[in-house]
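My questions are about this predicted structure, shown below with the sequence.
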Amino acid sequence: MNYKLTRRSAIKLVAAGTVAGISARPEFASAAETKATDPWSKTHDRVWLGGEFWANPMENWKIVDGAAECLTTAPGRSVHSITRQITNPTAGFEMSVHLSQVETKGRNASAGFRIGIRSELNEHRSNCFAKTGINAGIQNDKLILGTQELPLSTEADMKDLKLQLTGKADGENVALTVSASSPKTGAVLGTLTHSVPADSLLGNVALVNGFDKKAASRYRFSQWQIDGAAFTHTPAQRFGPILWSMYSLSDSRTSEGFVMKISALTGPMGAKDSQVVELHIQRDGTWESLGQAKLDPDAWVATFRIPNWDEKSATPYKLVYREKHRDGTETPDEWTGTIQPNPEGRPLRMAALTCQNDYGFPYEPVSSNVEKMKPDLVFFSGDQIYESHGGFGIIRTPAGPAILNYLRKFYQFGWAFRNTMHSQPTLCLPDDHDVFQGNIWGEGGAPMKAGDSGASTKGGYIEPARMVNAVHKTNVAHHPDPYDPSPALQDISVYYGDMVYGNVGFAIIADRQWKSGPEHVNTGAGRADHVVDPDFDTKSLDKPGLVLLGERQEEFLKKWSTDWRGHALKAVLSQTVFSGVATHHGNYDSYLKGDLDSGAWPQTPRNRAIDIMRPSMALHINGDQHLASLSQYGVKQQRDSNWAFCTPAISAGYPRWWRPDECNMPHQNRPKHGYENTGEYLDGFGNKVYVYSVGNPAIGTDENRYKQAHEKGSGFGFITFDTEAKTYHLDCFRFLIDATDGNTSNQFPGWPVTIHQSENRGENRID
């Protein structure tokens, strides 16, 4: 069942994947507009360096008194230009910067430029995390240029230097020259020249604090100037001050009519920066202000809630942030999009995505496919980040630095998908990795009693409640109002509730916020959340009092399941599937009988949740598993309940497989398509599950990130809700394909599938 990509199609699609989408800012690339000076001299003190830069990592940098200051003596900190890349090296370039040493420990002082930074894609976002490039600057009392070095003049003040780097054509090569001079006298303190192949300079350029692993110094960087025809200037690549937006539109079925909510996300601003965002909409060709919303000082999200929205018309909007400067001037930044009309008289089309491990960043094949398909609704079911995102580890406490650490990682999500979200309604659920936990056993918001920095096999939240709330706000502030906003323990926010859009009712569920932790049971040897012994009696894990959804969400689901106001089809949206549809985890041969992190455990509340869902005849749409599957729940008997579509990961990291046939797991009633590993099973916890199709991955080995993601079973789901025919049409697309070309190999085996509404209560037609 593993899919093999032909060499020809892989080359074609990888090449297509390096082209960035069109920004909501209508600007274009130009080789002529290359000269630039950093704006820091007129920028107020703050963490975020500006829309033309990406800082590695953001939380280690700050604008202080008009300069970008590195806040740590740790090595490898950098600031990339994201709007200017070297694309024509032999055309020549020049860069300069003023270096001021702030702190040093020992003799490991180094800073300067890095050029030719590029990933295998040579794409400006992915380049920001590449480990390549040529260093040019100072190392202790020497000038360095690649592998070359030269002692500086004894008159050099290592705490105050101007660096200059030039590149000029030298046949097929480029002659690089780096020089250091005194900012006070202009005296040249050393010059070093080295010729390099022209193509070694392609890619990003950056400032670097600490070239090597032994660096123990920090600097302030100011007056960074970039010039030359070697650069291409692409203003549309600017990322901020408004980074992106997300919105929802829902029929409240009250006097408020349709309610539109939209959030604007900015970088972390300073105390003297503007703290508000403005919203304007276009009516009859004229822009009209709908007022301002205050930025949350932790999440840096400004949210607007507009009742009685005109749901019948497409409404252009623009979000405006007015950046204040130290000289009293201000620069407006606009982010534009369209609030789409409520889909009427036609099917609703939804893209469903989950889990984006950043080895595949910026996931261009998936984001481009979703853009081209123009869904009516986009759903991200969780793990918009992993702890490894962008490198440099995680900060757990205190809350302030932890939030900045999270935001920097979360911004990669918006950077990848903002061109879809600005004009399509978006639902975005936080999950375990979003709050820096391998798994969440939320215990209703309780704090974790003892630290568990790895897999998180203990109940409760390890992160401070303030950080968890910031994560929630960045993901769901734009969602329809929660059913009951009363906070959980520690005043952790909740977000479960419903949305009615396009004649479809959606229940939005947090399937881990109240879930019991594995310390309540004994799973035998090894990790507390894994059952590795094939002979272990998992029925012993179904103890009284254990929780899956919790009483509050169960009460909501009971009411929602029988409330048909304003819609004809229903879907439940949550983080993960309520069955154990994976037999192997991590490594190809690593058998796992039961994973308590799946929605298969605890069994009694799992069955109760499905019993509550059954009258709704809802399709359950989820993710998290990194393994695409389409299955049907059984409680009293096989196939008596709802179907569940677990979508493939956007970029699958930790692999899983469903290979019950190899494990000699008994099955009955294999579907007519005859694919292996399908049919009626009891999962590792004894739950009844009918597996119709599964997207088992290959072993990901290719060095190209997009080919590897394809090998590992990455992709996305697409659901078409036909409210007249009362059907759900399910597509499950692979990563490295063109979803619009009609090729049958674009989808995982067993898809596409059409499910009738009544099949979600066991009136089955599919066989």
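Okay, I see it.

Would you map the helices across the stretch 651-767 of the chain?
For the stretch 651-767 of the chain, helices defined by DSSP state H, counting those that start in this stretch occupy the ranges 705-711.

what does the stretch 301-450 of the chain give?
Using DSSP H, counting those that start in this stretch, helices in the stretch 301-450 of the chain cover 364-373, 399-421.

Make CSV from the ones you listed and add mean pLDDT, distance to P485 and mean neighbour count to it.
To be clear about C-beta, it is placed using only N, CA and C from the backbone, and glycine gets the same treatment. Shown next, in CSV, are the helices of the stretch 301-450 of the chain (pLDDT from 0 to 100; distance: least, CB to CB, whole Å; neighbours: other CB atoms under 10 Å):
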stretch, mean pLDDT, distance to P485, mean neighbour count
helix 364-373, 97, 31, 22
helix 399-421, 98, 21, 23
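
Which residues lie in contact with S516 in this structure?
S516 makes contact with 441, 443, 459, 546-548, 602 under the criterion CB atoms under 8 Å, 6 or more residues apart in numbering.

let's see 6 Å
Residues in contact with S516, defined by CB atoms under 6 Å, 6 or more residues apart in numbering, are 546-547.

now it: how far from L541?
Look at S516 and L541: by CB to CB, to the nearest Å, they are 10 Å apart.

now do M269
For M269, the distance to L541 (CB to CB) stands at 48 Å.

can I get the helices of the stretch 301-450 of the chain in a markdown table with distance to E555?
Below are these laid out as a markdown table (distance: least, CB to CB, whole Å):
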| stretch | distance to E555 |
| --- | --- |
| helix 364-373 | 34 |
| helix 399-421 | 31 |
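
Looking at those helices, spot the one closest to V196.
The closest of the helices of the stretch 301-450 of the chain to V196 is helix 364-373. By CB to CB, the value is 28.9 Å.

And the contacts of the closest one?
Contacts with helix 364-373, where a contact means CB under 6 Å, 6+ apart, come from 17, 21, 351, 416-417, 419-420, 650, 706, 716, 735-736, 739-740.

Rank those by pLDDT and give me only the lowest.
Ranked by pLDDT, these bottom out at G21 (34).

pLDDT below threshold where in this protein?
Low-confidence segments of the chain (pLDDT under 70): 1-34, 451-455.

swap the cut-off to 90 and go again
When residues are selected by pLDDT under 90, those of the chain lie in 1-36, 104-109, 140-141, 153-159, 212-216, 449-457, 525-526, 700.

burial measure for P485, as a count.
Residues near P485, counting by other CB atoms under 10 Å, number 11.

and it, what is it in contact with?
Not one residue lies near P485 by CB under 6 Å, 6+ apart.

now it: how far from L427?
P485 is 17 Å from L427, by CB to CB.

what do you get for F721?
Applying CB to CB, the value for F721 to L427 is 14 Å.

ok, the two, which is more surrounded?
More crowded of F721 and L427, by other CB under 10 Å: F721, with 28 against 24.

wait, doesn't that one sit right on H567?
No. Taking CB atoms under 6 Å as the definition, F721 is not a contact partner of H567, at 9.5 Å.

between the two, what contacts are shared?
Common neighbours of F721 and H567, counting by CB under 6 Å, 6+ apart, are V504.

picking up where we left off before, which one of the contacts of helix 364-373 sits closest to D251?
A351 (21.0 Å).

For D498, see how far away that closest one is.
Taking CB to CB as the criterion, A351 is separated from D498 by 20 Å.

what's the answer for C70, then?
Applying CB to CB, the value for C70 to D498 is 47 Å.

circling back to that earlier point, more neighbours: which of A351 and D498?
More crowded of A351 and D498, by other CB under 10 Å: A351, with 28 against 25.

ok, so what distance separates the more buried one from S250?
Relative to S250, A351 is positioned 18 Å away (CB to CB).

do G285 as well
G285 sits 28 Å away from S250, going by CB to CB.

cool, and I339?
In this view, I339 and S250 are 12 Å apart by CB to CB.

Overlap in contacts, those two.
If you check I339 and S250 against CB under 6 Å, 6+ apart, no residue is contacted by both.

May I have the beta-bridge partners of K324?
Beta-bridge pairing for K324 (DSSP bridges): E330.

State the number of residues packed around it.
The tally of other residues near K324 (other CB under 10 Å) stands at 18.

next one: E554
When neighbours are defined as other CB under 10 Å, E554 has 17 of them.

doesn't it fall inside a helix?
Yes. E554 forms part of a helix when assessed by DSSP: H, G, I helix; E, B strand; the rest coil.

And the strands in the stretch 601-750 of the chain, which stretches?
Assigned by DSSP state E, counting those that start in this stretch, the strands in the stretch 601-750 of the chain fall at 619-623, 629-634, 643-646, 656-657, 679-682, 688-694, 715-722, 727-734.

Could you dump these into a markdown table with distance to K374 added?
Listed next are those as a markdown table, based on distance: least, CB to CB, whole Å:
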| stretch | distance to K374 |
| --- | --- |
| strand 619-623 | 19 |
| strand 629-634 | 24 |
| strand 643-646 | 20 |
| strand 656-657 | 31 |
| strand 679-682 | 36 |
| strand 688-694 | 26 |
| strand 715-722 | 11 |
| strand 727-734 | 14 |
